[in-house]
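Asks: need a 3D model of the following:
(one chain, ligands or ions: 1)
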Amino acid sequence: METLKAAIPENLKRAIEDSTVDDLRSTCSSLHRFFLQFDTFHQIITQLADPKYGLCGKSKEDALKSKQLGNQCFSNADYAKALDCYTQRRVRPIVFCPSDTGLNFMKMEIGNDKALRKAPLDTADVKSNLVATLYINRATVLHAWYRRGKANASLGNYRNAICDLNVAKSVEFSIDGKRQIESELKILLDQCKSTSALVQKQHKENSCSTVDTVLLRVARSAPISFDYRVSLKCTQLIVLSLLPPLEQSPEPLLKQSLEQSSKSSPLPEYSLLSKQLPSELLLSDQPFFESSQACFSLRNMATPLSNANLPHLLDDNRLNGRNYLQWAQFIRRMLKDLLQATWKKKALNRLAELKGQPTRKAYQATSDFENTGKTLSSPAIEEGMLAFRVEIDQLKSSMESISEIPQMKLQCVSMPNKGRGMVSSCVISPGSLVHSEEPYAMIRAGGKMFRIYPEKNDTFKNMPSDLGEYAAEVIQSSDSEQEIEDITEHKHECQGVHWPVVLPSEIVLAGRMLARLLLNSTSEDIINFVERLELSHCYEHMSSERKLDSHIYAIVLLYCLQHSFGAMVSPDGVSISQVVLVVIIISQIKVNCMTVVRLKSIDTHGLSGHFGEFSFESGAHSTSNVEQVRVGKAIYKAASLFNHSCQPNAHAYFLSRTLYIRTTNGVASGCQLELSYGPQVGLWDCQDRLNFLKDEYAFHCRCIGCSEVNVSDIVLNAFHCVNPNCSGAVLESRVLDCEQQKIKHFPITDGVDKNDDIYEVCLDVFKQNGASIHSRPGYCLKCGSNCDLESSHAAVSKALICIRRLQDTILSKEISSITISDALRSLQLLRSNLHAYNKCIAEAEDSIAQAFCLVGELQLSVDHCKASIQILEKLYDTDDIVIAHELVKLSSIQLSLDDCTAVESLNRINDIFSRYYGLHADLVFPYLQYLRREIEKFSVKAIQ
Ligand SMILES: C[S@@+](CC[C@H](N)C(=O)[O-])C[C@H]1O[C@@H](n2cnc3c(N)ncnc32)[C@H](O)[C@@H]1O
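Replies: Below you'll find the model as predicted:
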């Protein structure tokens, strides 16, 4: 595109850069005319629109070179480098920032061009299998570690296995791959902790062992997907289910299968069992074993129990009914066989679909379980079941919560200075779901280079169909099956030539929106389409550069679409009105596009990966617990009506692609409902927020946080008064100017409570009757003393270097007592130069807490963690999600210390999470369940 841009005559460029909406017809027309007679433009369109060409930079020679280099690294055992050479691109996860809904434009970080990225997917190549070979090579590298991990696990060398899987995880960067390894790790860590206890208990005959408890728990969770009730008289095994019926009931098939099985096997065990039902089995709070029929339920079964596996299931001498353990073993074995059958996968997939969950997740649950069953020794199977139960629990909670429908009626009204906005039409309590919506159009982060269809690819042709499908699915590193649904809308992107690699995401999104229009309608033209979208735009406020870009891309996009859709775009060729409207669509996307993010919580099981020094003997404690991963960008039509506030009262989050909006505070009837588009009071000071919103969304924020004085904006970057006992804030000119503007427009009233924090940090301002801040930069806002900001700056910079060094050692796992002592001295320096609520102090406290945690000084870690939270509570609302995340860290360390105040922390965490995520809290943040379990255990211990 740079070539196109560079060729545009200067005067036309300037006209475009200075244009308003009214000028668009003339500017678009001039640029269109220019491009039409410019050969390079036509070449670019052909390359973009024709899969034969490769604007994505595809080159067989380059791909082969990278592949050879990869092979070389592989033979030198430099697996990480080899992987890098084979791979296509890298999208780096974004470290958690408090507002998890950045509406900002996402810049996808693309790694160096490597073999897969360069490999062409033309017909000739499919034959020579370059792409497939590269994927296989890449897989081999990953598998070197992965396999070693599995082998170690099966030998019971859990520690080594955990290390191996962590290495595999660190070299794998597809989100799905990592997730799979993480779930393996999770199972392993659980196993490691409980295997010995399990094995011991398992051997105690005639008693209810842990294995049995596990089994019963599986059984109790079963009604979500399986309702198996076993009883004894019947010689039949019937599978039913609680799920909605399939088109065809499986029962006749089953009956038939059972009858056949009965002929070959009279099922003697069943008759025997019927007489000897152990009474312990009735202890379960649900009628686990019931009356007179052997009845295993699973209606979603696509394949009935086969003749082959039924006798196998029942050919079991243990079915003498004498004791509970034997019964449990029988059921376990049966469950294992049932669960490992093909229909299990299908059933789970179906179950997940029913709940709007990505199928892949269900698949993952199943395959994790299967892998566990296959690779690990027998106690692990029980653990696998436990893991399976956790998955099922999650699916259950997703089923409950997905069915949650927004109850509140919202109205769209016009706001002064903000255009339209959403207001409540009744009183709304905190944590209420007020809106949910599917995207109108979406682009995924990283996009997909291409799809590989097993039936068309030699490499997969010889595999069983399931395996081929699975392999194809894995190598596509698809995040969600829902992408497949969209694929028709993406056809114009020319399969192999993947637009997201070449074009900015908002342009690809605009293309998808238009493709959707063109696919769905024959009569509607782009003009009606834009009107119907009813999205606001920001053309007038866009930078000159963006105006020029939007012109170029609008024309390019329309010609590419014409290539795919022909006359559907316009029978007489691309028109000027269309170009104008596409420019408008691009500027609409700029203000209305949301970044879809997924919160990835780091639970205890992932700790070793994140804080290498984690040791399970010392308990599970973490000092960091969540990462925010950008999944893609999308347009949500109705949600586009929510305005931004830096002190929002609503929170947006995503489950898969579905957007949910929940109130975080109580909202009075008629009040505005506002989200944060990213910036938030407490996260940045006012000036930084205003700049960000101007740059990214082209508007001047007029929210309450940016219009009225608040303590956070004053202290966040403030210095300490020279008077050590004074709590006043000393501001630099940048912050002071901004705060003075606020006071000018919104004078602080006389009635400020003397206990207010604001009174404490800037008393002088109130003395001056609230007219304006008369103070100058470097003067205390409370007592008026002058502070030498230059020397304070120097001291702070020095201290921060030291804190950064500590952070580096935390990352490199080389923490020494010297680095910690240096950091503690620097903390003192920060405290004497910066205002007590300055955010740098909170961050330093947090790093020190993390360091102490990692070296096992847990009490000191708790102290510093608390100090950090105290400051953050001043900067954010005390019920802000940021505080909850900090409390998660604190509580896990408290737990390790057997400190009963962990319960208090957990209660606060629960409260905040339910405000932000309601019924979805456990789903978004599974670590909560772990914390609760730990606290339960801890309470039991305390009672004993
Ligand atoms: C996603 S739209 C929100 C709905 C929009 N008000 C409308 O009328 O369609 C974003 C646009 O709303 C306006 N807006 C949202 N929040 C604002 C705020 N805090 N201050 C000023 N304008 C705001 C800006 O014009 C921004 O570009």
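
Asks: near the ligand at all, stretch 667-680?
Replies: No. Judged by CB under 6 Å from any ligand atom, stretch 667-680 stays clear of the ligand, getting no closer than 7.0 Å. Yep, even glycine has a C-beta here, placed from its N, CA and C like the rest.

Asks: now the end-to-end length of that stretch.
Replies: Using CA to CA, to the nearest Å, the end-to-end distance of stretch 667-680 comes to 19 Å.

Asks: and that stretch, what's buried?
Replies: For stretch 667-680, burial by neighbour count (16 or more other CB atoms under 10 Å) applies to 667, 671-680.

Asks: mind giving me the domain ranges of this protein?
Replies: The chain breaks down into these domains under automatic domain parsing: 60-190, 205-376, 698-787, 792-943.

Asks: close to the ligand: what parts of the stretch 501-650 of the chain are there?
Replies: Counting by CB under 6 Å from any ligand atom, the stretch 501-650 of the chain comes close to the ligand at 536, 538, 591-592, 640-641, 643-645.

Asks: inside strands: which ones of the residues you listed?
Replies: Among those, the ones falling in strands (DSSP state E) are 643-644.

Asks: which residue is the nearest non-sequential neighbour of residue 644?
Replies: Computed as CB to CB, 6 or more residues apart in numbering, the closest residue to residue 644 that is not its neighbour in sequence is residue 677, at 4.2 Å.

Asks: can you tell me which of the residues of the stretch 501-650 of the chain next to the ligand are buried?
Replies: Judged by 16+ other CB under 10 Å, buried ones among those: 591-592, 640-641, 643-645.

Asks: who's in contact with the helix or strand containing residue 654?
Replies: Under the criterion of DSSP states H and E, residue 654 resides in strand 650-655. Contact partners of strand 650-655, identified using CB atoms under 8 Å, 6 or more residues apart in numbering, comprise 100-101, 356, 398, 402, 434, 594, 596-599, 631, 639, 642, 659-664, 667, 673-675, 881, 915-917, 920, 923-924.

Asks: now that strand: buried residues?
Replies: In strand 650-655, counting by 16+ other CB under 10 Å, buried: 650-655.

Asks: adjacent strands (with direction) for it?
Replies: The pairing partners recorded for strand 650-655 under DSSP bridges are strand 658-663 (antiparallel).

Asks: can you name the residue of this structure nearest to the ligand?
Replies: Nearest residue of the chain to the ligand: residue 419, at 2.8 Å (CB to the nearest ligand atom).

Asks: you'd agree that residue is up against residue 535?
Replies: No. Residue 419 lies out of contact with residue 535 (CB atoms under 8 Å); the separation is 10.7 Å.

Asks: ok, the residue nearest to residue 644 touching residue 697?
Replies: Yes. Judged on CB under 8 Å, residue 677 makes contact with residue 697 at a distance of 6.4 Å.

Asks: phi first, then psi, for the nearest residue to residue 845 once chain neighbours are set aside.
Replies: Spatial nearest neighbour of residue 845, chain neighbours left out: residue 868 (3.8 Å); criterion: CB to CB, 6+ apart. Residue 868 adopts backbone torsions of phi -70, psi -40, taken as degrees, to the nearest 10.

Asks: show me what contacts residue 868?
Replies: 842-843, 845-846, 849, 886.

Asks: tell me the most packed of those, by neighbour count.
Replies: With neighbours taken as other CB atoms under 10 Å, the top of the contacts of residue 868 is residue 849, carrying 27 neighbours.

Asks: pretty sure residue 423 sits in a strand.
Replies: Yes. Membership of residue 423 in a strand is supported by DSSP: H, G, I helix; E, B strand; the rest coil.

Asks: relative to residue 673, how far out is it?
Replies: Note on residue 423: its distance to residue 673, by CB to CB, to the nearest Å, is 7 Å.

Asks: which neighbours do those two share?
Replies: Both residue 423 and residue 673 are in contact with residue 410, where contact means CB under 8 Å, 6+ apart.

Asks: the closest residue to residue 899 other than its chain neighbours - how many residues pack around it?
Replies: Excluding its sequence neighbours, the residue lying closest to residue 899 (CB to CB, 6+ apart) is residue 862, at 7.1 Å. Residues lying near residue 862 (other CB under 10 Å) number 24.
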